[in-house]
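Asker: How does the following fold in three dimensions:
(one chain, ligands or ions: 1)
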Amino acid sequence: MYWFRSICRDHRFRLEQTNEWYCDLGELEPLLRQHMPPAAEGAPARRVLLPGCGNSELGPQMVAAGFGHVTCVDYVAGVIDNMNELYG
Ligand SMILES: C[S@@+](CC[C@H](N)C(=O)[O-])C[C@H]1O[C@@H](n2cnc3c(N)ncnc32)[C@H](O)[C@@H]1O
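Answerer: From the prediction side, this is the model:
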């Protein structure tokens with residue numbers, strides 16, 4: 001059953017280019033800015049980990065908005081392939 005679900009999810013992710021399960025940066029940005037103020041001049045870029053990123057565009061949006069280096073990880077191969085194709 002686990003493998004069946006996993007294959008179905010992989011297939012779904014390969015069909016969908018992007019999808020937001022929760023919310024995009026537009027909704028999150030005020031909260032993130034409150035807790036992640038801009039790095040000091042000359043400080044190394046902030047590193048952000050997004051575990052279980054799915055095919056959300058939050059990671060690429062955070063990079064574009066200057067939040068730093070964002071690493072997106074997911075255990076579904078289709079997600080990684082999609083996002084590499086779009087943003088890699
Ligand atoms: C509910 S979706 C949320 C996706 C994304 N964060 C969003 O907000 O649109 C959960 C994601 O976490 C991934 N995931 C769940 N457990 C994981 C694990 N142990 N390691 C890596 N990814 C995982 C799933 O493949 C799925 O893409």
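Asker: which residues in this structure form strands?
Answerer: For the chain, the strands defined by DSSP state E occupy 47-51, 69-73.
Asker: now these in TSV, with distance to Met83?
Answerer: Quick note: C-beta positions are derived from backbone N, CA and C, even for glycine. Supplementary listing: these in TSV, determined by distance: least, CB to CB, whole Å:
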stretch	distance to Met83
strand 47-51	11
strand 69-73	7
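Asker: what's the most buried one of those strands?
Answerer: Counting by mean count of other CB atoms under 10 Å, strand 69-73 has the highest mean neighbour count of these, with a mean of 15.
Asker: Nearest the geometric middle of this structure, what residue?
Answerer: Closest residue to the average C-alpha location of the chain: Gly59 at 3.5 Å, with CA atoms, centre = their mean.
Asker: Please name the residues that touch it.
Answerer: 50, 53, 70, 72, 83, 87 (CB atoms under 8 Å, 6 or more residues apart in numbering).
Asker: Can you read off the pLDDT for it?
Answerer: Gly59 carries a pLDDT value of 94.
Asker: Look up how far Glu16 lies from it.
Answerer: Using CB to CB, to the nearest Å, Gly59 is found at 16 Å from Glu16.
Asker: Flag every residue of the protein that's near the ligand.
Answerer: Residues of the chain lying near the ligand by CB under 6 Å from any ligand atom: 20-22, 52-54, 56, 73-76, 79.
Asker: try 5 Å
Answerer: 20-22, 52, 54, 56, 74-76 (CB under 5 Å from any ligand atom).
Asker: of the contacts of Gly59, closest to the ligand?
Answerer: Cys53 (5.2 Å; CB to the nearest ligand atom).
Asker: ok, what's across the strand from the closest residue to that closest one other than its chain neighbours?
Answerer: With sequence-adjacent residues excluded and distances taken as CB to CB, 6 or more residues apart in numbering, Cys53 is closest to Cys72, at 3.7 Å. Beta-bridge pairing for Cys72 (DSSP bridges): Leu50.
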